[in-house]
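Participant: Attaching a predicted model along with its sequence, questions to come.
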Amino acid sequence: MKNVTSVFWITLAITVSLSVFGVISPGNFEQVSASVMGVISRNFGWFYLLIVTLFMIFCLYLVFSPYGKIRLGKAGEKPEFSYSSWLAMLFSAGMGIGLVFYGVASPVSHYMKTPPTAEPGTTAALEDALRLTFFHYGIHAWAIYAVIALVLAYFMFRHDKPGLVSSSLETLFGDRMKGAWGKAVDVIAVFATIVGVATTLGFGATQINGGLAFLFDLPISFWVQLVIIALVTVLFMISSYTGLSKGIKYLSNANMGVGGILLLATLVLGPTLYILNSLTETVGTYIQQLPSESFRLAPNDADERQWVLDWTVFFWAWWIAWSPFVGIFIARVSKGRTIREFLSGVLIVPSVVGFLWFSTFGMSGITAQNNGTDIAGLPDEQALFGLFEQLPFGMILSILGILLISTFFITSADSATFVLGMQTTNGSMSPPTTVKFTWGIAQSGIAAVLLYTGGLQALQNALISAALPFSFIMLLMIASFYKALKADKEKNWS
């Protein structure tokens, strides 16, 4: 294929090999992935907590430092997209399906099934439920994305480097990043992207299947999920063919519209005052307990430590595995913004929207649970629909929910094919359609294999395993970026 690099062929070979292994020997594939995940989560949980907190501190430092006025582009260059379209694209790419999948399930689970320290169903568990959800979807998560996006946008638009992860390390390693070492870095980034996006596509297919089963008694099975993946693959490839400024932009704006309707409807039809009171209080406790929660590992309490591994470490690994894709995509659409404007937008706005989302859906779900509806007894992928069943116009809300999951599914996969195309065509801003289509099929195939070999647990195993190697690259990217920033300051760049 035209313009592809060796990174394309190497990563494609790895992806195909793992897919074949999963199909031929699903039991062994699931066992191996579970073993790797177990070793990593047990031995590197502390590492995930430390580096993610470091990313957050580094981003906050840049917001308030003199470096914040540096523009991601040439002096005076204007942003390519409007502020609203920019926020819609980064939000849709960064958290779409996760918000819908866990909007009800996470708070209800922390309250009724898996509170870290309190007894299930108690006031203490209730007080922790929303705060812990804020923690997993708040500033920490967006700091992971922001680090990758900022570093890449800086080198792409400030120093005219290719949009490659390896190019961001040239400040540290020079021309060695143009050879085998650079290719190895890009292969790791591309593979982490494939696994991260495939995992999310698997969650999306599972929830669409769960919604259809809840509403229309459709069976929950791998084969139904495979059909869903196939249909959505066709749709996101059509969107990918239209290009960045049309397909992704329009669908991202549509996501925000449908999501806004669902959010407003649930806020109005649900326990409105309780939601707003809970939101206000939880923002305060979130800020108060952020330092201690950031470092919590509970080495002397086996049950609490397992909770941290199952939830916090899993979510940090999820965001890290997604960060090459989301970071590169956000970088691509952020040309012309200052570092301060960029970080303020990426860290604060999506976090605040996420807090409102989880307060609305989470506290509505908990209210339904306390009123006698067993939301906690439903599979995670059906919790949202169980809530809608208790609200007026529940069928309409459920159909809108399935539509939102589908459009998030499409935009996530569409954005990922664009980024994978960039990373395997030497940073091309307009990767060939055939390359994007190849990666679209590959990531859908991996999603199908992971579902076939072990369902949601296999998806989680793959995520945690793929995130570790890329986390070390992220640390090097920060060092390279800061070294370049200091050089810029000495030159008095504006």
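Facilitator: Sure, I can see it. Residues are numbered from 1 along each chain as shown.
Participant: Let me know the next secondary structure element after the host helix or strand of Ala383.
Facilitator: Counting by DSSP states H and E, the element that carries Ala383 is helix 383-389. Next helix or strand after helix 383-389 toward the C-terminus (DSSP H and E): helix 394-423.
Participant: Would you mind listing the buried residues in that following helix?
Facilitator: Neighbour-count burial for helix 394-423 flags 394, 397-398, 400-423 (criterion: 16 or more other Cβ atoms under 10 Å). Placement of C-beta: from N, CA and C, glycine included.
Participant: Equivalent analysis for stretch 305-322, please.
Facilitator: By 16+ other Cβ under 10 Å, the buried positions in stretch 305-322 come out as 305, 307-309, 311-322.
Participant: Look at that stretch and report the distance between its end residues.
Facilitator: Using Cα to Cα, to the nearest Å, the end-to-end distance of stretch 305-322 comes out at 24 Å.
Participant: Any chance you could list what contacts it?
Facilitator: With Cβ atoms under 8 Å, 6 or more residues apart in numbering as the test, stretch 305-322 has contacts from 41-42, 45, 48-49, 52, 94, 98, 114, 116, 132, 135-137, 140-141, 144-145, 192-193, 195-197, 199-200, 296-299, 460, 463-464, 466-468, 470-471, 474.
Participant: What's the mean pLDDT across stretch 350-361?
Facilitator: Mean per-residue pLDDT for stretch 350-361: 91.
Participant: Dump that stretch to PDB, restricted to CA.
Facilitator: Extracted C-alpha coordinates of stretch 350-361, given in PDB (Å, rounded to 0.1, in the frame of the first residue of the first chain):
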ATOM      1  CA  PRO A 350     -14.600  17.300  30.100                       C
ATOM      2  CA  SER A 351     -14.200  16.600  33.800                       C
ATOM      3  CA  VAL A 352     -17.000  19.000  34.800                       C
ATOM      4  CA  VAL A 353     -19.300  17.500  32.100                       C
ATOM      5  CA  GLY A 354     -18.400  14.000  33.400                       C
ATOM      6  CA  PHE A 355     -19.200  15.000  37.000                       C
ATOM      7  CA  LEU A 356     -22.600  16.300  35.900                       C
ATOM      8  CA  TRP A 357     -23.200  13.100  33.800                       C
ATOM      9  CA  PHE A 358     -22.300  10.700  36.600                       C
ATOM     10  CA  SER A 359     -24.200  12.700  39.200                       C
ATOM     11  CA  THR A 360     -27.300  12.600  37.100                       C
ATOM     12  CA  PHE A 361     -27.300   9.000  36.000                       C
END
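Participant: Outside of that stretch itself, list whatever touches it.
Facilitator: Identification of contacts with stretch 350-361 by Cβ under 8 Å, 6+ apart yields 87, 90-91, 94-95, 99, 103-104, 106-107, 130, 133-134, 137-139, 141-142, 259, 263, 266-267, 270, 275-276, 278-279, 282-283, 286, 384, 387.
Participant: how does it look with 7 Å?
Facilitator: Contacting residues not belonging to stretch 350-361 are listed as 90-91, 94-95, 99, 103-104, 107, 130, 133-134, 137-139, 142, 263, 266-267, 270, 275, 278-279, 282-283, 387 [Cβ atoms under 7 Å, 6 or more residues apart in numbering].
Participant: before we move on, what about stretch 418-432?
Facilitator: Against stretch 418-432 from outside (Cβ under 7 Å, 6+ apart): 1-5, 7-8, 11, 162-164, 167, 186, 189-190, 193, 240, 244, 325, 328-329, 435-436, 439.
Participant: Stretch 434-454 now?
Facilitator: For stretch 434-454, contacts defined as Cβ under 7 Å, 6+ apart pick out 1, 4, 8, 12, 15, 19, 22-23, 26, 29-30, 194-195, 197-199, 201-202, 205, 222, 225-226, 229, 233, 236-237, 240, 413, 416-418, 420-421, 424-425, 458-459, 462.
Participant: buried set for it?
Facilitator: 435-440, 442-454.
Participant: Kindly report the same for stretch 344-363.
Facilitator: Residues 345-347, 349-351, 353-355, 357-363 are the ones in stretch 344-363 that count as buried (16+ other Cβ under 10 Å).
Participant: same check, this time on stretch 382-398
Facilitator: 382-391, 394, 397-398.
Participant: Surely Asp380 is in contact with Ala105?
Facilitator: Yes. Between Asp380 and Ala105 there is a contact under Cβ atoms under 7 Å: 4.0 Å.
Participant: out of those two, which sits in the more crowded spot?
Facilitator: Ala105 (27 against 19; other Cβ atoms under 10 Å).
Participant: mind listing what that one touches?
Facilitator: Residues in contact with Ala105 (Cβ under 7 Å, 6+ apart) are Asp380, Ala383.
Participant: Could you rerun that using 10 Å?
Facilitator: 113, 133, 207, 361-362, 365, 375-376, 378-384, 386-387 (Cβ atoms under 10 Å, 6 or more residues apart in numbering).
Participant: ok, now Gly394?
Facilitator: Gly394 makes contact with Leu215, Leu269, Phe385, Gly386, Leu387, Phe388 under the criterion Cβ under 10 Å, 6+ apart.
Participant: ok so, going back, just the buried ones among the contacts of stretch 305-322, please.
Facilitator: 41, 45, 48-49, 52, 94, 98, 114, 116, 132, 135-137, 140-141, 144-145, 192-193, 195-197, 199-200, 296-297, 460, 463-464, 466-468, 470-471, 474.
Participant: On the three-state scheme, the closest residue to Gly427 other than its chain neighbours is what?
Facilitator: Excluding the flanking residues, the one nearest Gly427 by Cβ to Cβ, 6 or more residues apart in numbering is Pro162, at 2.9 Å. Using DSSP: H, G, I helix; E, B strand; the rest coil, the secondary structure recorded for Pro162 is coil.
Participant: after the least confident helix or strand in the chain by mean pLDDT, next one along is what?
Facilitator: In the chain, no helix or strand scores lower on mean pLDDT, DSSP states H and E than helix 83-102, which sits at a mean of 70. The helix or strand immediately downstream of helix 83-102 is helix 105-108, counting by DSSP H and E.
Participant: Give the buried residues for that following helix.
Facilitator: Quick answer for helix 105-108 (16+ other Cβ under 10 Å): Ala105, Ser106, Pro107, Val108.
Participant: do stretch 50-66 as well
Facilitator: Buried residues in stretch 50-66 (16+ other Cβ under 10 Å): Ile51, Val52, Thr53, Leu54, Phe55, Met56, Phe58, Cys59, Leu62, Val63.
Participant: Common neighbours of Asp380 and Ala105, please.
Facilitator: Lys113, Gln207.
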